[in-house]
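Asks: got a predicted structure here, sequence first:
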Amino acid sequence: MDKIHGNGYAVCMSEQISGFIDSIIFVQPENGFTVARLKENRKKDPIVIIGQLPAVQPGETVVCQGIWKTHPHYGRQFEVTDYTVAKPSDLMGIQKYLESGFIKGIGPSYAEKIVNQFGSETLNILDNTPHRLAEIDGFGTKRIQKIKESWKEQKSVREVILFLRTHGVSPAFAVRIHRSLGDACIQKVQENPYRLAKEVHGVGFKIADSIALKLGFPLHSSARLSAGIEHVLWELSGDGHTCFPTKDFLPFAKEALGVEEPLIEAEIQRLSELQSIILRDGLMWLGPFWGYEQAIAKDLQRLLNHPQAIRAIDTHKAANWAENQLHIQFAEQQKAAVIAALTDKVHIITGGPGTGKSTITNSILTVASKLTNRVLLAAPTGRAAKRLSQITKKKAFTIHAMLEMDFVSGGFKRGKENPLECDLLIIDEASMIDTPLLFHLLKAMPNQARVLFVGDIDQLPSVGPGTVLRDLIESGSIGVTKLTEIFRQAKGSKIITNAHRINLGEFPEIHTDPKSDFHFIEAETPEAIQEIILRLVSKELPALWKFDPIEDIQVLSPMKRGAVGVELLNDALQALLNPSSTPIVRSGRRLSPKDKVMQIKNNYDKKIYNGDIGRVVKINTHDQVVTVHFDSQEVEYEFEELEELVLAYATSVHKFQGSECPCVVIPVHTSHFKLLHRNLLYTGVTRGKRQVYLVGMKKAIAIAIHNDQVQKRYTGLIRAIKESPRPNIAIHTQLQLGV
């Protein structure tokens, strides 16, 4: 008899059920919690199962151990406490498994043909005699070969899943591990599980350590200690640090490893002797980051020490000539910036919106085009490069594309031995450049080239490690022009004037003028904020401003989780703007044609990079391929690669750096307290081209404005530059002109 528990559930004793997964209702990616419909053999209606079922897919046959519960709202459910994946046994289960999209080359129609032909022997045929598929109409040599390879891969993955499940690793990670390490991955993991943390994306030290300890690796083993130390340093680099104080590092390492600090210190010393870690004056670097910063300093001095290819000119006359050519009148700051950029070998121009950076860039290009035809324009992201092209009417590249990825070596084709062919390189949105990218960029610069960095130093720092633009400025080795004056044509924009008010620590003007381009809508609770945002994006803004709700509006949230965090906003906006009854589900993410998505890691093979936004064009379940249209190309993703994509109806301010949108909507709430910084709010507001909507609490805006403590990033670049030999050629300008 059922027992009624205080939580409203009626439960009964543990039992076992089996059947195939008919459909996935819900998945929580963080912990694998799944709600699914399971079709038991010889029973008409599916049942609802709930529990930790990570990476289970429609069509798979599962044997579940658990208990029945009766939920007061959702009715009778089976809560799974343990499960195994088995081969389907009945014809319906076999067909459902084959048509699920797991096997490339087989979709619903081909699955039906195969089962009709071979019946209950279908799986044995695929295991042992797949050539017999040729007996079925429509199965050519290429399709059969694709099916054979995919079926073999699935068998190997199953073995890996079974092995790793005993060590607490989810099937989703098992698929990644097999893809990275190949068919011999079980043996490789047994020999050194810590390699997983280095070689398999998303499998961190904790998972590798869990496997290692279960395999009998000692808690104090050198392999474990060194892997843990490097793991903590890599984690810190994810927070923007290229180095870290040793005394502050030790508590982090102790927490991760669970051993005493003297053991960690001894291992650090051993790694230092091997030069895996560099120790200097109380700071510690991973070897690669030390190398990056030292090389940046040397290449910078190399450029400053060599004469430039562009001939010397009267820069004052050149600036006057540019005014006539472009039919403009420079302000004092603008003219000084043009003169400085036409004089210095390496120069930085930094300033906020409306201060004339685009005008200056065009003026420099106008003059330079009369002196050389070897000018390159680049930016860190695809959207920033596209915007630079629109401003200058000239081709601009992403830095990655300009450096030309070498797929054999995994590096770039452009470098010391094969430098870029240019006399002048202009880099826009330079605040987004991280330390590794600047290393590769400067290494590829020819001795005679002039470099101009243009950016906004008050924006958020790069997503990757380092604060290179700020460090270059503070090193005192490079000419800098800091623009502060807002020009007349920009003063009519509340977006621009409020951005500068925020940057100065002043509360933005939030009058209720409906014709304004800057708006604030007050709401106290996260739930109320979410409701307003959904209404704005789906109905009010498209009606008022004729915006496309997906293409022209971008929601920017400071946080990942919570009612107004990126994840839940994406789920709600997807359901509202692009509902679908037949999405594919991978790693807990639902994906349908027309969905707005973002690439979250650099993929040099596909020439698509972290932060690029696109739209799903089509989903081919036969070949397990999703096609996504980005700005200028269509990119194909195999289903196993979809972990590189996330929904992008909402995204973080950090991820949207360097991009602009006609309208941005930003939730601001005190629950974001840890992330409410002046530069975050400033960066978010400056992403809006025509309209900005803040939704939330005035108190939260005030907290952000008054919090001007930029999160400390430890870097060694300033020191590396100062310790490099000084340039022979004088730095001509160090300007900081006021209004």
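Replies: Noted; the coordinates are in hand.
Asks: which residues does the residue lying closest to Ile147 once chain neighbours are set aside contact?
Replies: For Ile147, ignoring the flanking residues on the chain, the nearest one in space by C-beta to C-beta, 6 or more residues apart in numbering is Gly105 at 4.3 Å. For every residue, glycine as well, the C-beta is placed using N, CA and C. Residues near Gly105 by C-beta atoms under 8 Å, 6 or more residues apart in numbering: Arg143, Ile144, Lys146, Ile147, Ser150, His622, Asp623.
Asks: Gly105: what secondary structure?
Replies: coil (DSSP: H, G, I helix; E, B strand; the rest coil).
Asks: in space, what's closest to Asn570 - neighbours in sequence excluded?
Replies: Leu647 (4.0 Å).
Asks: verify the contact between that neighbour and Gln574 for me.
Replies: Yes. Using C-beta atoms under 8 Å, Leu647 is in contact with Gln574, at 5.8 Å.
Asks: quick one: Ile328 from Thr366, how far?
Replies: Relative to Thr366, Ile328 is positioned 10 Å away (C-beta to C-beta, to the nearest Å).
Asks: of the two, which one has the most company?
Replies: Thr366 (17 against 14; other C-beta atoms under 10 Å).
Asks: quick one, what contacts the more buried one?
Replies: Ala322, Gln325, Leu326.
Asks: ok, now with 10 Å
Replies: Thr366 is in contact with Ala318, Trp321, Ala322, Glu323, Gln325, Leu326, Val338, Thr392, counting by C-beta atoms under 10 Å, 6 or more residues apart in numbering.
Asks: taking those one by one, which sit in helices?
Replies: Ala318, Trp321, Ala322, Glu323, Gln325, Leu326, Val338, Thr392 (DSSP state H).
Asks: now the third one: closest residue in space, sequence neighbours ignored.
Replies: What it means is Ala322. Using C-beta to C-beta, 6+ apart, the closest residue to Ala322 is Ser363 (4.2 Å).
Asks: now the first one
Replies: The spatially closest residue to Ala318, leaving aside those adjacent along the chain, is Val367, at 4.8 Å (C-beta to C-beta, 6+ apart).
Asks: so the one you found sits in a helix?
Replies: Yes. Assessed by three-state DSSP, Val367 belongs to a helix.
Asks: doesn't Arg311 make contact with it?
Replies: No. Using C-beta atoms under 10 Å, Val367 makes no contact with Arg311, being 11.8 Å away.
Asks: more crowded one of these two?
Replies: Remark: of Val367 and Arg311, Val367 carries more neighbours, 20 against 8, as counted by other C-beta under 10 Å.
Asks: confidence score at the more buried one?
Replies: On pLDDT, Val367 comes in at 97.
Asks: do the same with Gly588
Replies: For Gly588, pLDDT reads 66.
Asks: wait, isn't Ile229 in contact with Leu274?
Replies: No. When contacts are counted by C-beta under 10 Å, Ile229 is not listed as touching Leu274 (11.9 Å).
Asks: ok, these two, which is more surrounded?
Replies: Shown here are Ile229 and Leu274; by other C-beta under 10 Å, Ile229 has more neighbours (26 against 10).
Asks: list the buried ones in the host helix or strand of that one?
Replies: Taking DSSP states H and E as the criterion, Ile229 maps to helix 222-238. Within helix 222-238, the residues that qualify as buried are 224-234, 236-237, counting by 16 or more other C-beta atoms under 10 Å.
Asks: where do the contact lists of Leu647 and Gln574 overlap?
Replies: Arg589, Arg590, Leu591, Asp595, Lys596.
Asks: would Tyr83 count as being in a strand?
Replies: Yes. Per three-state DSSP, Tyr83 lies within a strand segment.
Asks: mean confidence score for the helix holding Ile229?
Replies: So the average pLDDT for helix 222-238 ends up being 94.
Asks: how about the helices in the stretch 301-450 of the chain?
Replies: 315-326, 332-341, 357-368, 382-392, 399-403, 435-443 (DSSP state H, counting those that start in this stretch).
Asks: oops, could you answer that again for the stretch 101-250 of the chain instead?
Replies: Counting by DSSP H, counting those that start in this stretch, the stretch 101-250 of the chain has helices at residues 108-118, 122-128, 141-165, 171-181, 185-191, 195-199, 205-214, 222-238, 246-257.
Asks: least reliable of the ones you listed by average pLDDT, please.
Replies: What stands lowest among the helices of the stretch 101-250 of the chain, in mean pLDDT terms, is helix 171-181, with a mean of 75.
Asks: show the pLDDT at the spatially most central residue of the chain.
Replies: What sits nearest the mean C-alpha location of the chain, by C-alpha atoms, centre = their mean, is Ile600, with 2.7 Å. pLDDT, Ile600: 89.
Asks: OK, contacts around the closest residue to Glu644 other than its chain neighbours?
Replies: Among residues not flanking Glu644 along the chain, Lys601 sits closest, at 5.5 Å (C-beta to C-beta, 6+ apart). Lys601 makes contact with His201, Gly202, Ile608, Tyr609, Asn610, Gly611, Glu643, Glu644, Leu645 under the criterion C-beta under 10 Å, 6+ apart.
Asks: of those residues, grab the buried ones for ChimeraX.
Replies: Those of the contacts of Lys601 that count as buried under 16+ other C-beta under 10 Å are selected in ChimeraX with:
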select :608,609,610,611,643,644,645
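Asks: of the contacts of Lys601, just say which sits nearest to Ser493.
Replies: Gly611 (25.2 Å; C-beta to C-beta).
Asks: doesn't Asn603 make contact with that closest one?
Replies: No. Contact criterion C-beta under 10 Å: Gly611 and Asn603 do not qualify, at 11.9 Å.
Asks: straight-line length of stretch 178-185, end to end?
Replies: For stretch 178-185, the first-to-last residue distance is 6 Å (C-alpha to C-alpha, to the nearest Å).
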